[in-house]
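Asker: Provided below for reference: sequence and predicted model.
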Amino acid sequence: MSLRAQIDRSYSTALEGLDVPWMLAQWAERTPDKVCLIWCPFDDDSQSFTYAELFERSRRLAAGLRERGVNSGDFVLLHMDNCPEFIVSWYACAVLGAVAVSTNTRSVARDLSYFSEVTEATCSLTQPKFAGLIRETCPNLGFIGVTADDAGEPRDDAGEVLRAMGGVAFEDLFAREPLAIRPPDHRHNLSIQFTSGTTSRPKAVLWTHANAVWGAKTNAQHLRIRHEDVTLTSFPLFHTNAQCYSMLTTHWTGGTLVLQPKFSSSRYWQVVVDHGVTWTTMIGFSLRAMATQPVPEHRMRFFLLGVRAPNVEDYFGVATVGYWGMTETVTQGTIADFDHLGPPMNIGRCAAEYQIQVRREDGSLCGPGELGHLYIRGVRGVSLFKEYYRDPEATESSFDADGWLETGDVVRSDENGWLYFSDRHKDMLKVGAENVAASEIETVVMQTGLAAELAVVGQKHYMLDEVPVVFVIPSDPGMDAATIEERIIEHCRVNLPDFKVVRSVHVVDELPRSTLEKIAKNVLRDRLPPITEGA
């Protein structure tokens with residue numbers, strides 16, 4: 001057996017006998033009365049759940065799902081904004097052995113149809129505001145469970161919604177007795193998240209129980225999270241950041257997770273102070289929204305920010321930790337150390353659990369200061385995702401012959417090994433916290449028949465980093481530009497989530513070309529002035 005194969009096997013062996021239900025069971029037995037979740041809705045008082053309560057509710061829901069025909073290995077569509085029901089449902093799937101498919105709640109009809117089709121989901125658990133859309137776009141579901149409110153927002157018509165679409169009240173899904181815990185199997189499939197790739201449709205990233213336990217454990221080690229820590233997340237639970245970095249990490253250590261429906265700059269510090277929050281993940285959008293607010297006394301140790309930012313540290317009185325990761329890596333592939341936070345704007349160094357390479361176009365390794373393509377190597381199904389579900393071609397093409405995953409990111413390293421993010425080289429946009437493939441938007445715009453040729457690029461934005469815009473050579477030169485723009489934007493609103501809708505349409509006679517006759521998108525980007533506040 002090769003050394004590489006021995007290393008891969010040792011990683012998997014280290015997780016034998018462990019899975020997600022095992023993790024919850026440990027704390028439900030050892031600290032049953034410890035608060036594991038504090039729910040802070042915008043329109044009501046906070047609500048707390050202990051480890052014993054969360055574990056018991058998850059097992060009762062698992063039993064109820066099984067009574068309705070959901071079996072181990074089946075797929076369950078979780079389409080919810082942040083709420084306790086999401087967490088209970090996700091853990092219930094883990095207990096049952098079902099696969100939780102957590103989907104972006106900003107998705108439109110064509111997305112949901114695609115998600116349901118790819119996974120062949122057995123049922124869906126959702127909220128009143130999404131129930132009709134789920135019923136309309138996913139006709140093959142066995143049943144749809146619907147919560148009583150919309151992420152804490154009261155719904156007086158919840159009963160009418162249930163009757164109109166033949167749904168099942170979420171609380172009626174719980175069995176009287178909890179489901180017995182099955183023997184741990186770290187290799188069992190656990191969850192799917194859809195992530196924007198370079199193709200026209202998102203890819204289904206499949207995690208195993210080993211991935212989740214690995215991510216929870218490694219996150220805790222990287223960030224020095226302790227039993228006493230209180231984590232705050234307002235990021236969406238359907239994404240890796242909140243799901244693994246925050247939820248699983250907290251529950252691996254037996255800590256407390258404070259959950260908000262979404263980010264609110266006006267409520268942020270009150271929640272932090274009231275619940276003694278000690279750390280959170282931040283993005284530039286959130287920091288900019290809070291930049292003019294006074295900072296009260298707090299217990300916050302650090303922001304997991306993505307880059308080292310001394311100005312943020314000075315203003316908020318916290319450390320900022322540089323890191324890089326993606327859904328496919330489960331946890332951070334690069335990370336700074338609290339004792340050595342490094343130079344400004346770094347994204348950390350190669351994490352000890354992975355291997356990193358920065359390559360030139362010809363595959364040779366870059367030197368210090370040289371921009372190159374980031375590759376990472378780990379263990380499939382443990383420290384890297386298992387596969388793109390039902391897409392073996394995409395899975396295999398993502399790895400080279402030696403098992404290195406092409407990340408699509410462009411970085412550089414300095415002479416001391418610190419890494420710095422530069423750009424996405426796979427034609428990706430970063431809209432707020434969302435990765436967006438330009439090709440997906442281009443496919444939708446072409447469906448209008450209004451463009452003979454087009455190109456989608458990102459325009460710099462003062463809050464969202466960038467927003468998508470499209471340059472179009474019209475198929476009918478006689479049509480006026482205002483009509484073309486109106487029809488394209490309307491088509492995008494119907495067929496794309498709001499963050500993927502183009503903000504403007506630029507009608508042109510020709511598109512700039514590179515020496516290989518490819519569209520020179522860098523030239524188009526340079527034509528666009530940054531969108532500033534008040535613009």
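Answerer: Great, that's in hand.
Asker: The least confident helix or strand in the chain by mean pLDDT: what's the following helix or strand?
Answerer: The weakest-scoring helix or strand in the chain, judged by mean pLDDT, DSSP states H and E, is helix 3-13 (a mean of 73). Going down the chain from helix 3-13, the next helix or strand is helix 20-30, by DSSP states H and E.
Asker: Can you give the contact residues for that next one?
Answerer: Helix 20-30 is contacted from outside by 34, 36, 51-52, 54-56, 58, 91, 94-95, 181-182, 184, 190, 209, 212-213, 216, 248, 251-252, 254, using C-beta atoms under 8 Å, 6 or more residues apart in numbering. All C-beta spots, glycine's among them, are computed from the backbone N, C-alpha and C.
Asker: For these, I'd like a selection string for PyMOL - just the buried members, please.
Answerer: Buried residues within those, by 16 or more other C-beta atoms under 10 Å, are selected in PyMOL with:
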select buried, resi 36+51+52+54+55+56+58+91+94+95+184+190+209+212+213+216+248+251+252+254
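Asker: Narrow the contacts of helix 20-30 to those in strands?
Answerer: Residues of these located in strands (DSSP state E): C36, L190.
Asker: what packs against the host helix or strand of A394?
Answerer: For A394, the host element (DSSP H and E) is helix 392-397. Applying 3 or more C-beta pairs under 8 Å, 6 or more residues apart in numbering; DSSP states H and E, we find helix 392-397 packed against strand 387-388.
Asker: Please name the strands paired to the strand it packs on in the sheet, noting orientation.
Answerer: strand 203-208 (antiparallel) (DSSP bridges).
Asker: Let me see the mean pLDDT of the partner strand.
Answerer: The average pLDDT for strand 203-208 rounds to 98.
Asker: Contact partners for T280?
Answerer: Contacts of T280 (C-beta under 8 Å, 6+ apart): T231, L232, T233, S246, V272, M300, F303, L304.
Asker: 7 Å - rerun?
Answerer: T231, L232, T233, F303 (C-beta atoms under 7 Å, 6 or more residues apart in numbering).
Asker: and if you look at Q127?
Answerer: Contact analysis of Q127 by C-beta under 7 Å, 6+ apart lists M80, D81, V146, T147, D150, A151.
Asker: do that again at 6 Å, thanks
Answerer: M80, T147, D150 (C-beta atoms under 6 Å, 6 or more residues apart in numbering).
Asker: any low-confidence regions in the stretch 301-450 of the chain?
Answerer: 423-426 (pLDDT under 70).
Asker: and with 80 instead?
Answerer: Counting by pLDDT under 80, the stretch 301-450 of the chain shows low-confidence ranges at 423-427, 433.
Asker: ranges for the strands of the stretch 101-250 of the chain?
Answerer: Remark: strands assigned in the stretch 101-250 of the chain by DSSP state E, counting those that start in this stretch are 123-126, 144-146, 168-169, 189-195, 203-208, 230-233.
Asker: Let me see the residues that make contact with the shortest one.
Answerer: I take that to be strand 168-169. With C-beta under 6 Å, 6+ apart as the test, strand 168-169 has contacts from F143, G145.
Asker: After the helix holding A394, which helix or strand is next?
Answerer: Next along from helix 392-397, by DSSP H and E: strand 405-413.
Asker: Name the residues of that next one that are buried.
Answerer: Going by neighbour count (16+ other C-beta under 10 Å), the buried part of strand 405-413 is L405, E406, T407, G408, D409, V410, V411, R412, S413.
Asker: what's the farthest-apart pair in the residues you listed?
Answerer: With distances taken as C-beta to C-beta, the most widely separated pair in those is L405 and R412, at 19.0 Å.
Asker: Now do G159, the pLDDT please.
Answerer: So, for G159, pLDDT stands at 83.
Asker: Please give the number of neighbouring residues around it.
Answerer: Look at G159: counted by other C-beta atoms under 10 Å, it has 13 neighbours.
Asker: Pull up the gap between it and M290, please.
Answerer: 39 Å (C-beta to C-beta, to the nearest Å).
Asker: For this protein, which residue occupies the most central location?
Answerer: Ranked by distance to the mean C-alpha position of the chain (C-alpha atoms, centre = their mean), the top residue is H239 at 2.2 Å.
Asker: Show the contacting residues for the closest residue to that one other than its chain neighbours.
Answerer: Closest residue in space to H239, ignoring its immediate chain neighbours: Q193 at 6.9 Å, by C-beta to C-beta, 6 or more residues apart in numbering. For Q193, the contact set (C-beta under 6 Å, 6+ apart) comprises S102, V205, T327.
Asker: List just the nearest of those residues to P497.
Answerer: Nearest member of the contacts of Q193 to P497, counting by C-beta to C-beta, is S102, at 14.8 Å.
Asker: That closest one contacts F238, correct?
Answerer: Yes: counting by C-beta atoms under 6 Å, F238 is a contact partner of S102 at 3.9 Å.
Asker: picking that back up, just the contacts of helix 20-30: which are in helices?
Answerer: 51-52, 54-56, 58, 91, 94-95, 209, 212-213, 216, 251-252 (DSSP state H).
Asker: Out of these, flag the one nearest to A14.
Answerer: Sorting the ones in helices among the contacts of helix 20-30 by how near they are to A14, with C-beta to C-beta, puts V213 at the top with 9.7 Å.
Asker: residues touching the closest one, list them.
Answerer: L15, L18.
Asker: do you know how far the residue of the chain positioned farthest from its centre is from I484?
Answerer: Relative to the C-alpha centroid of the chain, counting by C-alpha atoms, centre = their mean, G478 is the outermost residue, at 43.1 Å. Distance, G478 to I484, using C-beta to C-beta: 11 Å.
Asker: same check, this time on G276
Answerer: G276 sits 54 Å away from I484, going by C-beta to C-beta.
Asker: And the two? Which one has more around it.
Answerer: Shown here are G276 and I484; by other C-beta under 10 Å, I484 has more neighbours (20 against 14).
Asker: What are the contacting residues of the host helix or strand of L61?
Answerer: Secondary structure assignment for L61, by DSSP H and E: helix 51-67. By C-beta under 6 Å, 6+ apart, the list of residues contacting helix 51-67 from outside reads 24, 27-28, 31-32, 34, 36, 88, 91-92, 95-96, 173-175, 178-179.
Asker: Kindly recompute the last result at 7 Å.
Answerer: Under C-beta under 7 Å, 6+ apart, the answer for helix 51-67 is 24-25, 27-28, 31-34, 36-37, 88-89, 91-92, 95-96, 173-175, 177-179.
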